[in-house]
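Asker: Fold the stuff below for me.
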Amino acid sequence: MRILHTGDWHLGRIFYARHLTNDQAYVLEHQFFKLLKDAKIDAVVIAGDVFDRAVPPVEAVELWDMVITKLALDYKIPTLVIGGNHDSAERLDMGRDLYSRSHVHVWGRMDRSLEPLYLEDGYGEIAFCPMPFTEPRTVLTNLLETVPAKQRLDEWQNLAVAYGETYAAWADYLRSLVPQGMRTVGMAHTMVAGSITSESERPLVIGGTANVGVDVFAPFNYTALGHIHRPQRMGTDNIRYSGSLLKYSFDEANHNKSFTIVDMDAKGHCQIEQVGIEAQHDVAIVKGNFNDILQDTALHETYKDTYLQVELADTEPVIDGMARLRDIFPYAMSLELTGRMQAELTADNRVNYKELSERELFEDFALAVRNEPLSDEEKEFMNSLWERLIKED
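Answerer: Okay, here's the model as predicted:
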(Lines give C-alpha, C1' and ligand atoms only; values in the text may rest on other atoms or scores of the structure.)
Protein backbone atom coordinates (compact mmCIF):
# COMPACT_ATOMS: atom_id res chain seq x y z
CA MET A 1 0.00 0.00 0.00
CA ARG A 2 1.19 3.50 -0.87
CA ILE A 3 0.25 5.93 1.90
CA LEU A 4 0.64 9.70 1.70
CA HIS A 5 1.36 11.05 5.19
CA THR A 6 0.79 14.77 5.78
CA GLY A 7 -0.49 16.98 8.57
CA ASP A 8 -0.35 20.31 10.38
CA TRP A 9 -2.02 22.16 7.54
CA HIS A 10 -3.25 24.90 9.91
CA LEU A 11 -5.85 26.12 7.43
CA GLY A 12 -6.71 29.75 8.20
CA ARG A 13 -3.27 30.57 9.61
CA ILE A 14 -2.34 34.26 9.91
CA PHE A 15 1.33 35.13 9.47
CA TYR A 16 2.26 38.67 10.55
CA ALA A 17 -1.29 39.90 9.80
CA ARG A 18 -1.36 38.15 6.41
CA HIS A 19 -3.94 35.40 5.85
CA LEU A 20 -2.25 32.33 4.36
CA THR A 21 -5.37 30.59 3.04
CA ASN A 22 -4.47 31.38 -0.60
CA ASP A 23 -0.92 30.08 -0.04
CA GLN A 24 -2.33 26.87 1.43
CA ALA A 25 -4.81 26.49 -1.43
CA TYR A 26 -1.96 26.93 -3.93
CA VAL A 27 -0.04 23.95 -2.50
CA LEU A 28 -3.13 21.75 -2.19
CA GLU A 29 -4.52 22.52 -5.64
CA HIS A 30 -1.24 22.53 -7.59
CA GLN A 31 0.79 19.87 -5.77
CA PHE A 32 -1.20 17.74 -3.35
CA PHE A 33 -3.86 16.56 -5.78
CA LYS A 34 -1.35 16.13 -8.61
CA LEU A 35 0.86 14.01 -6.35
CA LEU A 36 -2.05 11.73 -5.46
CA LYS A 37 -2.40 10.79 -9.13
CA ASP A 38 1.26 10.81 -10.15
CA ALA A 39 2.38 8.70 -7.18
CA LYS A 40 -0.66 6.38 -7.37
CA ILE A 41 -1.51 6.89 -3.71
CA ASP A 42 -3.79 4.27 -2.11
CA ALA A 43 -4.57 6.11 1.16
CA VAL A 44 -4.04 9.56 2.69
CA VAL A 45 -3.31 10.17 6.38
CA ILE A 46 -3.69 13.71 7.75
CA ALA A 47 -2.14 13.68 11.22
CA GLY A 48 -3.98 16.54 12.94
CA ASP A 49 -4.17 20.34 13.04
CA VAL A 50 -6.32 20.57 9.95
CA PHE A 51 -7.28 24.07 11.10
CA ASP A 52 -5.23 26.68 12.91
CA ARG A 53 -7.83 27.40 15.56
CA ALA A 54 -10.97 25.90 17.04
CA VAL A 55 -13.24 28.37 15.22
CA PRO A 56 -11.59 28.75 11.80
CA PRO A 57 -12.41 31.54 9.33
CA VAL A 58 -14.97 30.86 6.61
CA GLU A 59 -12.30 30.72 3.88
CA ALA A 60 -10.47 27.93 5.72
CA VAL A 61 -13.67 25.89 6.12
CA GLU A 62 -14.45 26.34 2.42
CA LEU A 63 -10.94 25.16 1.50
CA TRP A 64 -11.31 22.07 3.70
CA ASP A 65 -14.72 21.36 2.19
CA MET A 66 -13.18 21.53 -1.30
CA VAL A 67 -10.37 19.14 -0.32
CA ILE A 68 -12.52 16.41 1.24
CA THR A 69 -15.13 16.70 -1.55
CA LYS A 70 -12.46 16.16 -4.22
CA LEU A 71 -10.91 13.29 -2.28
CA ALA A 72 -14.28 11.58 -1.86
CA LEU A 73 -15.95 12.22 -5.23
CA ASP A 74 -13.16 12.79 -7.77
CA TYR A 75 -10.17 10.82 -6.47
CA LYS A 76 -12.03 8.20 -4.41
CA ILE A 77 -8.97 7.68 -2.21
CA PRO A 78 -9.54 6.56 1.41
CA THR A 79 -8.58 9.49 3.63
CA LEU A 80 -7.94 9.19 7.36
CA VAL A 81 -7.96 12.38 9.44
CA ILE A 82 -7.24 12.80 13.16
CA GLY A 83 -7.72 15.96 15.20
CA GLY A 84 -4.86 18.05 16.59
CA ASN A 85 -4.50 20.42 19.51
CA HIS A 86 -5.48 23.39 17.28
CA ASP A 87 -8.68 21.70 16.07
CA SER A 88 -12.07 21.63 17.73
CA ALA A 89 -12.76 17.90 18.09
CA GLU A 90 -16.53 18.40 17.92
CA ARG A 91 -16.43 20.63 14.86
CA LEU A 92 -14.00 18.35 13.04
CA ASP A 93 -16.26 15.37 13.78
CA MET A 94 -19.32 17.04 12.24
CA GLY A 95 -20.69 14.82 9.47
CA ARG A 96 -18.13 12.07 10.15
CA ASP A 97 -20.63 9.22 9.66
CA LEU A 98 -21.73 10.68 6.33
CA TYR A 99 -18.11 11.27 5.24
CA SER A 100 -17.15 7.70 6.11
CA ARG A 101 -19.56 6.38 3.48
CA SER A 102 -17.37 8.20 0.95
CA HIS A 103 -14.19 6.80 2.55
CA VAL A 104 -13.24 10.02 4.37
CA HIS A 105 -12.73 8.89 7.96
CA VAL A 106 -12.42 11.52 10.70
CA TRP A 107 -11.53 11.10 14.38
CA GLY A 108 -11.77 14.25 16.47
CA ARG A 109 -12.98 12.90 19.82
CA MET A 110 -11.28 10.20 21.84
CA ASP A 111 -14.51 8.31 22.64
CA ARG A 112 -14.81 7.61 18.90
CA SER A 113 -11.16 6.58 18.59
CA LEU A 114 -11.25 3.28 20.44
CA GLU A 115 -11.08 0.86 17.53
CA PRO A 116 -8.92 0.49 14.43
CA LEU A 117 -10.06 1.07 10.86
CA TYR A 118 -9.15 -1.65 8.36
CA LEU A 119 -8.11 -0.98 4.76
CA GLU A 120 -7.18 -3.68 2.29
CA ASP A 121 -4.45 -3.92 -0.33
CA GLY A 122 -3.17 -6.79 -2.48
CA TYR A 123 -1.57 -8.48 0.55
CA GLY A 124 -4.50 -8.32 2.96
CA GLU A 125 -5.76 -5.87 5.58
CA ILE A 126 -3.91 -3.09 7.39
CA ALA A 127 -5.18 -1.79 10.73
CA PHE A 128 -5.05 2.01 11.11
CA CYS A 129 -5.13 3.03 14.79
CA PRO A 130 -6.34 6.64 15.39
CA MET A 131 -5.01 8.71 18.31
CA PRO A 132 -6.23 12.31 17.93
CA PHE A 133 -4.91 14.87 20.40
CA THR A 134 -6.58 14.25 23.75
CA GLU A 135 -5.90 15.39 27.31
CA PRO A 136 -4.52 12.58 29.52
CA ARG A 137 -7.47 12.55 31.93
CA THR A 138 -9.90 12.17 29.02
CA VAL A 139 -7.83 9.29 27.63
CA LEU A 140 -7.91 7.53 30.99
CA THR A 141 -11.64 8.14 31.51
CA ASN A 142 -12.51 6.67 28.11
CA LEU A 143 -10.20 3.67 28.53
CA LEU A 144 -11.86 2.84 31.85
CA GLU A 145 -15.25 2.75 30.08
CA THR A 146 -14.18 0.06 27.58
CA VAL A 147 -15.04 -3.62 27.96
CA PRO A 148 -11.45 -4.77 28.74
CA ALA A 149 -11.31 -2.27 31.61
CA LYS A 150 -12.55 -5.00 33.97
CA GLN A 151 -9.46 -7.09 33.26
CA ARG A 152 -7.08 -4.13 33.32
CA LEU A 153 -8.74 -2.04 36.02
CA ASP A 154 -5.86 -2.19 38.49
CA GLU A 155 -3.30 -1.34 35.81
CA TRP A 156 -5.25 1.58 34.31
CA GLN A 157 -6.45 3.04 37.62
CA ASN A 158 -2.85 3.33 38.77
CA LEU A 159 -1.67 5.16 35.65
CA ALA A 160 -0.21 8.63 36.15
CA VAL A 161 -2.43 11.27 34.55
CA ALA A 162 0.25 12.23 32.04
CA TYR A 163 0.62 12.05 28.27
CA GLY A 164 3.34 9.40 28.27
CA GLU A 165 1.54 6.82 30.41
CA THR A 166 -1.99 7.34 29.07
CA TYR A 167 -0.96 7.39 25.40
CA ALA A 168 1.04 4.19 25.95
CA ALA A 169 -2.07 2.50 27.39
CA TRP A 170 -4.21 3.83 24.52
CA ALA A 171 -1.79 2.57 21.83
CA ASP A 172 -1.52 -0.79 23.57
CA TYR A 173 -5.31 -1.10 23.76
CA LEU A 174 -5.77 -0.34 20.04
CA ARG A 175 -3.12 -2.89 19.07
CA SER A 176 -4.78 -5.50 21.29
CA LEU A 177 -7.85 -5.33 19.02
CA VAL A 178 -5.83 -6.13 15.88
CA PRO A 179 -5.59 -9.79 14.81
CA GLN A 180 -2.17 -11.37 15.36
CA GLY A 181 0.24 -10.77 12.49
CA MET A 182 -1.80 -8.05 10.77
CA ARG A 183 0.11 -4.96 9.65
CA THR A 184 -0.57 -1.79 11.66
CA VAL A 185 -0.31 1.97 11.17
CA GLY A 186 -0.46 4.31 14.16
CA MET A 187 -1.77 7.85 13.67
CA ALA A 188 -1.04 10.20 16.58
CA HIS A 189 -0.99 13.94 17.20
CA THR A 190 1.42 14.38 20.08
CA MET A 191 4.91 15.44 21.09
CA VAL A 192 7.37 12.57 21.00
CA ALA A 193 10.36 12.92 23.32
CA GLY A 194 13.45 14.13 21.45
CA SER A 195 11.60 15.90 18.63
CA ILE A 196 12.99 19.20 17.29
CA THR A 197 10.40 21.93 17.78
CA SER A 198 9.66 25.30 16.14
CA GLU A 199 8.31 28.67 17.33
CA SER A 200 4.99 28.21 15.54
CA GLU A 201 3.88 25.18 17.58
CA ARG A 202 1.50 25.75 20.46
CA PRO A 203 2.68 24.05 23.69
CA LEU A 204 0.49 21.12 24.69
CA VAL A 205 0.89 21.90 28.39
CA ILE A 206 1.94 24.82 30.57
CA GLY A 207 4.27 23.28 33.11
CA GLY A 208 4.89 19.56 33.37
CA THR A 209 5.68 17.49 30.34
CA ALA A 210 3.73 16.59 27.22
CA ASN A 211 6.33 14.10 25.98
CA VAL A 212 5.38 10.63 24.84
CA GLY A 213 8.19 8.09 24.55
CA VAL A 214 9.10 6.89 21.07
CA ASP A 215 8.85 3.31 22.37
CA VAL A 216 5.05 3.74 22.55
CA PHE A 217 4.94 3.63 18.74
CA ALA A 218 7.69 1.09 18.08
CA PRO A 219 5.31 -1.92 17.70
CA PHE A 220 3.46 -0.27 14.76
CA ASN A 221 4.75 -1.02 11.27
CA TYR A 222 4.48 2.72 10.59
CA THR A 223 3.47 5.67 12.77
CA ALA A 224 2.21 8.88 11.13
CA LEU A 225 2.84 11.68 13.63
CA GLY A 226 1.52 15.23 13.73
CA HIS A 227 2.16 18.36 15.85
CA ILE A 228 5.86 19.09 15.16
CA HIS A 229 6.41 21.30 12.11
CA ARG A 230 9.89 20.13 11.09
CA PRO A 231 9.81 16.90 9.00
CA GLN A 232 11.81 14.33 10.96
CA ARG A 233 12.25 10.68 11.82
CA MET A 234 12.00 9.68 15.46
CA GLY A 235 14.81 7.19 15.99
CA THR A 236 13.74 5.06 13.04
CA ASP A 237 12.36 5.67 9.55
CA ASN A 238 8.97 4.13 10.32
CA ILE A 239 8.12 6.66 13.09
CA ARG A 240 7.93 10.08 11.47
CA TYR A 241 6.58 13.61 11.57
CA SER A 242 5.58 14.73 8.08
CA GLY A 243 5.96 18.39 9.12
CA SER A 244 3.66 21.30 8.36
CA LEU A 245 2.23 22.26 4.97
CA LEU A 246 4.03 25.64 4.94
CA LYS A 247 6.66 27.52 6.93
CA TYR A 248 4.72 29.20 9.73
CA SER A 249 7.52 31.05 11.54
CA PHE A 250 10.86 32.57 10.60
CA ASP A 251 12.76 29.95 12.58
CA GLU A 252 11.40 27.49 9.99
CA ALA A 253 13.17 29.32 7.15
CA ASN A 254 15.68 26.49 6.73
CA HIS A 255 13.07 23.70 6.85
CA ASN A 256 12.49 21.57 3.76
CA LYS A 257 8.73 21.07 3.86
CA SER A 258 7.51 17.87 2.24
CA PHE A 259 4.83 15.25 1.78
CA THR A 260 5.84 11.79 3.01
CA ILE A 261 5.06 8.74 0.86
CA VAL A 262 5.17 5.38 2.63
CA ASP A 263 5.41 2.14 0.63
CA MET A 264 4.38 -0.77 2.85
CA ASP A 265 5.00 -4.31 1.61
CA ALA A 266 3.34 -7.60 2.52
CA LYS A 267 5.42 -7.99 5.71
CA GLY A 268 4.89 -4.41 6.87
CA HIS A 269 8.34 -3.17 5.89
CA CYS A 270 8.26 0.47 4.79
CA GLN A 271 10.18 2.47 2.22
CA ILE A 272 10.02 6.23 2.69
CA GLU A 273 10.06 8.98 0.07
CA GLN A 274 9.83 12.70 0.79
CA VAL A 275 8.41 14.93 -1.93
CA GLY A 276 9.34 18.59 -1.47
CA ILE A 277 6.62 21.23 -1.22
CA GLU A 278 7.02 24.28 -3.45
CA ALA A 279 5.26 27.18 -1.75
CA GLN A 280 3.93 30.20 -3.58
CA HIS A 281 5.98 32.37 -1.24
CA ASP A 282 9.07 31.10 0.56
CA VAL A 283 10.11 32.32 4.05
CA ALA A 284 13.61 33.74 4.61
CA ILE A 285 15.78 35.90 6.86
CA VAL A 286 18.12 38.56 5.43
CA LYS A 287 20.84 40.11 7.56
CA GLY A 288 23.00 43.17 6.91
CA ASN A 289 23.26 46.95 6.98
CA PHE A 290 20.21 48.84 5.79
CA ASN A 291 21.88 50.76 2.96
CA ASP A 292 23.69 47.65 1.71
CA ILE A 293 20.36 45.79 1.53
CA LEU A 294 18.70 48.69 -0.33
CA GLN A 295 21.47 48.75 -2.93
CA ASP A 296 21.86 45.00 -3.52
CA THR A 297 19.88 44.39 -6.74
CA ALA A 298 20.68 40.66 -6.79
CA LEU A 299 19.13 40.38 -3.32
CA HIS A 300 16.05 42.25 -4.51
CA GLU A 301 15.51 39.77 -7.33
CA THR A 302 16.09 36.72 -5.13
CA TYR A 303 13.59 37.73 -2.44
CA LYS A 304 11.00 39.74 -4.35
CA ASP A 305 8.27 37.10 -3.73
CA THR A 306 9.49 35.94 -0.31
CA TYR A 307 8.00 36.48 3.14
CA LEU A 308 10.97 38.25 4.64
CA GLN A 309 12.40 39.08 8.03
CA VAL A 310 15.20 41.64 7.84
CA GLU A 311 17.72 41.80 10.67
CA LEU A 312 19.68 45.06 10.58
CA ALA A 313 23.26 45.27 11.78
CA ASP A 314 23.04 49.09 11.96
CA THR A 315 23.66 50.61 15.38
CA GLU A 316 22.16 53.98 14.41
CA PRO A 317 18.40 54.63 14.08
CA VAL A 318 16.81 53.79 10.70
CA ILE A 319 14.01 56.18 9.77
CA ASP A 320 10.85 54.67 8.25
CA GLY A 321 12.69 51.40 7.69
CA MET A 322 9.78 49.04 7.02
CA ALA A 323 8.07 51.31 4.49
CA ARG A 324 11.33 51.75 2.57
CA LEU A 325 11.96 48.01 2.63
CA ARG A 326 8.49 47.24 1.28
CA ASP A 327 9.14 49.49 -1.70
CA ILE A 328 11.69 46.84 -2.72
CA PHE A 329 10.44 43.71 -0.93
CA PRO A 330 6.61 43.77 -1.08
CA TYR A 331 6.37 40.76 1.24
CA ALA A 332 8.66 42.06 4.00
CA MET A 333 6.99 41.03 7.25
CA SER A 334 9.36 41.87 10.08
CA LEU A 335 12.20 44.30 10.77
CA GLU A 336 14.54 43.44 13.64
CA LEU A 337 17.04 46.03 14.92
CA THR A 338 19.56 43.43 16.06
CA GLY A 339 22.55 45.77 15.74
CA ARG A 340 21.07 48.41 18.00
CA MET A 341 19.92 45.84 20.56
CA GLN A 342 23.35 44.27 20.69
CA ALA A 343 25.00 47.69 21.04
CA GLU A 344 22.77 48.51 24.00
CA LEU A 345 23.56 45.20 25.67
CA THR A 346 27.31 45.64 25.30
CA ALA A 347 27.48 49.34 26.14
CA ASP A 348 30.02 50.20 28.86
CA ASN A 349 27.51 52.30 30.74
CA ARG A 350 24.84 49.62 30.98
CA VAL A 351 22.93 49.46 34.26
CA ASN A 352 23.23 46.43 36.53
CA TYR A 353 19.65 46.32 37.79
CA LYS A 354 20.38 43.63 40.36
CA GLU A 355 22.49 46.12 42.30
CA LEU A 356 19.88 48.93 42.36
CA SER A 357 17.53 49.60 45.27
CA GLU A 358 13.77 49.81 44.78
CA ARG A 359 13.95 53.62 44.73
CA GLU A 360 16.72 53.63 42.16
CA LEU A 361 14.84 51.15 40.01
CA PHE A 362 11.76 53.36 40.04
CA GLU A 363 13.79 56.46 39.13
CA ASP A 364 15.44 54.57 36.26
CA PHE A 365 12.03 53.35 35.08
CA ALA A 366 10.61 56.88 35.17
CA LEU A 367 13.58 58.13 33.13
CA ALA A 368 13.12 55.39 30.52
CA VAL A 369 9.38 56.06 30.16
CA ARG A 370 9.41 59.88 30.21
CA ASN A 371 12.87 60.56 28.77
CA GLU A 372 13.54 62.92 31.68
CA PRO A 373 14.51 62.36 35.34
CA LEU A 374 12.24 62.95 38.30
CA SER A 375 12.13 66.56 39.48
CA ASP A 376 13.17 67.45 43.05
CA GLU A 377 9.53 67.83 43.99
CA GLU A 378 8.70 64.39 42.53
CA LYS A 379 11.67 62.81 44.30
CA GLU A 380 10.55 64.30 47.60
CA PHE A 381 7.04 62.95 47.10
CA MET A 382 8.34 59.47 46.14
CA ASN A 383 10.69 59.41 49.14
CA SER A 384 7.78 60.11 51.50
CA LEU A 385 5.79 57.36 49.74
CA TRP A 386 8.65 54.87 50.08
CA GLU A 387 8.98 55.71 53.80
CA ARG A 388 5.30 55.11 54.35
CA LEU A 389 5.42 51.78 52.50
CA ILE A 390 8.40 50.65 54.56
CA LYS A 391 6.60 51.51 57.82
CA GLU A 392 3.47 49.66 56.74
CA ASP A 393 5.54 46.66 55.80
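
Asker: Is it correct that Phe329 is in contact with His300?
Answerer: Yes. Using Cβ atoms under 8 Å, Phe329 is in contact with His300, at 7.2 Å. In this view, the C-beta of every residue, glycine as well, is placed from N, C-alpha and C.

Asker: out of these two, which sits in the busier spot?
Answerer: Phe329 (21 against 13; other Cβ atoms under 10 Å).

Asker: Count the neighbours of Leu117 for me.
Answerer: 17.

Asker: swap in Gly276?
Answerer: Count around Gly276 with other Cβ under 10 Å applied: 11.

Asker: now the one 5 residues further on
Answerer: A count of nearby residues for His281, using other Cβ under 10 Å, gives 18.

Asker: do the one 10 residues further on as well
Answerer: When counting by other Cβ under 10 Å, one arrives at 10 neighbours for Asn291.

Asker: what does Lys391 give?
Answerer: A total of 7 residues lie near Lys391 under the criterion other Cβ under 10 Å.

Asker: Could you tell me which residues make contact with it?
Answerer: The contact partners of Lys391, taken as Cβ atoms under 8 Å, 6 or more residues apart in numbering, number zero.

Asker: show me the contacts for Pro317.
Answerer: By Cβ under 8 Å, 6+ apart, the residues touching Pro317 are Arg340.

Asker: Quick check on it: phi, psi?
Answerer: Dihedral pair for Pro317: phi -60, psi 140, per degrees, to the nearest 10.

Asker: Could you confirm Ile126 falls within a strand?
Answerer: Yes. Under DSSP: H, G, I helix; E, B strand; the rest coil, Ile126 sits within a strand.

Asker: excluding its backbone neighbours, what's nearest it?
Answerer: Leaving out its chain neighbours, the residue that sits closest to Ile126 by Cβ to Cβ, 6 or more residues apart in numbering is Arg183, at 4.6 Å.

Asker: so the one you found sits right up against Asp265, yeah?
Answerer: No. Here Arg183 does not reach Asp265: they are 9.1 Å apart, not a contact under Cβ under 8 Å.

Asker: Show me how this protein divides into domains.
Answerer: Listed domain ranges for the chain are 2-276, 283-346, 354-392 (source: automatic domain parsing).

Asker: So which of the ones you listed is the most surrounded?
Answerer: Comparing the domains of the chain by mean neighbour count (mean count of other Cβ atoms under 10 Å), domain 2-276 comes out on top with a mean of 18.

Asker: which residue ranges form the helices in the protein?
Answerer: Ranges of helices in the chain, per DSSP state H, are 21-27, 33-38, 58-69, 89-93, 96-100, 136-143, 153-157, 163-176, 290-295, 297-302, 321-328, 338-346, 358-370, 376-392.

Asker: Mean pLDDT and distance to Tyr241 added to those, as CSV?
Answerer: Below are the helices of the chain laid out as CSV (pLDDT from 0 to 100; distance: least, Cβ to Cβ, whole Å):
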stretch, mean pLDDT, distance to Tyr241
helix 21-27, 98, 18
helix 33-38, 97, 18
helix 58-69, 96, 21
helix 89-93, 95, 20
helix 96-100, 92, 25
helix 136-143, 92, 21
helix 153-157, 81, 28
helix 163-176, 95, 15
helix 290-295, 94, 35
helix 297-302, 95, 29
helix 321-328, 94, 34
helix 338-346, 69, 30
helix 358-370, 81, 44
helix 376-392, 80, 53
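
Asker: Much appreciated, bye for now.
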